[in-house]
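**Q** Got a sequence here, can you model it:
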Amino acid sequence: MEEMKYSPPLNTSTTTTTATTNREQETSAMSRIRKDCLAFVVSLQEGFRYVKAILVGQAKKLKAKNEKEAAAAELQSQKMQVEAANEAEKTKETIYKSMQ
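**A** Predicted coordinates:
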């Protein structure tokens, strides 16, 4: 003889709470993924700016007619690298603040 199993009626308030929690977790995960992707793009931009600074510095050093111009080219290259890093840091900070 087969036994009949009793299943209680679904409590809609618990089901609604669970669905809301799942949606919040999905939103949280999507938000985190979006934030990480934006930070990655900013890091790529920083890398490109850094390489650009190096190439500009090298080109100016090669074109320099004397040591003073070569030193100025090196200084400008370093300044561009620092600006790239600072700008990327500020952008990432803004991204993390806006996503909280």
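
**Q** The most centrally placed residue in the chain - nearest residue in space that isn't next to it in sequence?
**A** For the chain, Ala39 is the residue whose C-alpha lies nearest the centre (Cα atoms, centre = their mean; 0.6 Å). In space, and not counting its chain neighbours, Ala39 is closest to Lys92: 5.3 Å by Cβ to Cβ, 6 or more residues apart in numbering. Using the backbone N, CA and C atoms, a C-beta is placed for each residue, glycine as well.

**Q** any idea how far the one you found is from Arg49?
**A** 14 Å (Cβ to Cβ, to the nearest Å).

**Q** related to what we said a few turns ago, ok, and the residue nearest to the centre of the chain, which helix or strand is that part of?
**A** Mapping Ala39 onto the secondary structure by DSSP states H and E places it in helix 12-63.

**Q** After the lowest-mean-pLDDT helix or strand in the chain, which helix or strand is next?
**A** For the chain, the helix or strand with the lowest mean confidence is helix 12-63, at a mean of 84 (criterion: mean pLDDT, DSSP states H and E). Once helix 12-63 ends, the next helix or strand along the chain (criterion: DSSP H and E) is helix 67-98.

**Q** Name the nearest residue to Gly57, sequence neighbours excluded.
**A** Spatial nearest neighbour of Gly57, excluding adjacent residues (Cβ to Cβ, 6+ apart): Ser77 at 2.5 Å.

**Q** Okay then, goodbye and thanks.
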